[in-house]
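**Student:** Provided below for reference: sequence and predicted model.
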Amino acid sequence: QVQLVESGGGLVQAGGSMMLSCAASGRTFSPYAMAWFRQAPGKEREAVGVIRWSGGSADYPSSVKGRFTISRDNAKNTVSLQMIKLKPEDTAVYYCAVRTAFGSGYNYWGQGTQVTVSS
């Protein structure tokens, strides 16, 4: 089992910045990848940053590219999401997730943290 605990989130004005962090604990932790997802009311859940645990390469959707940066600390088993130039449409519940192996889905999820961007 892997437990994920997110921190950060809250209310920020448009144009502002915010950092989310996610700490993983449990069994020996060496996943294939970790990611941040978000889900806004009435919308589908989308990945906003994916990072490979080995090597650290990252991917972003066009909606956040250049504004969001995902990073990981292998020694601390944490993954972070730095968000800048936030927009009201970034308002959502943000979740971190673990993909334990190549070919598997994201099989562990955090509880989610609310990010609200006011205009």
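**Tutor:** That came in fine, so what should we check first? Residues are numbered from 1 along each chain as shown.
**Student:** got the contact list for the residue nearest the centre of the chain?
**Tutor:** Closest to where the C-alpha atoms of the chain average out (CA atoms, centre = their mean) is residue 36, at 2.2 Å. By CB atoms under 8 Å, 6 or more residues apart in numbering, the contact set of residue 36 is 20, 22, 47-49, 68, 70, 79, 81, 94-97. Any C-beta I mention is one placed from the backbone N, CA and C, and that applies to glycine too.
**Student:** what segments of this structure are helices?
**Tutor:** Using DSSP state H, the chain contains no helices.
**Student:** now do the contacts for the residue nearest to residue 99 when sequence neighbours are not counted.
**Tutor:** Leaving aside its chain neighbours, residue 99 sits nearest to residue 33 (4.5 Å; criterion: CB to CB, 6 or more residues apart in numbering). For residue 33, the contact set (CB under 8 Å, 6+ apart) comprises 50, 51, 52, 53, 98, 99.
**Student:** next up, phi/psi of the closest residue to the fourth one other than its chain neighbours, please.
**Tutor:** With CB to CB, 6+ apart as the measure, residue 31 is the residue that lies nearest to residue 53, at 5.0 Å, once sequence neighbours are left out. Here the main-chain torsion angles of residue 31 (degrees, to the nearest 10) amount to phi -80, psi 170.
**Student:** so where's the chain uncertain?
**Tutor:** Along the chain, segments meeting pLDDT under 70 span 27-28.
**Student:** in it, which residue sits furthest out from the middle?
**Tutor:** residue 119 (22.6 Å).
**Student:** quick check: the gap between it and residue 33.
**Tutor:** Using CB to CB, to the nearest Å, one obtains 33 Å as the distance from residue 119 to residue 33.
**Student:** kindly report the same for residue 113.
**Tutor:** According to CB to CB, residue 113 and residue 33 sit 20 Å apart.
**Student:** same question for residue 44.
**Tutor:** In this view, residue 44 and residue 33 are 20 Å apart by CB to CB.
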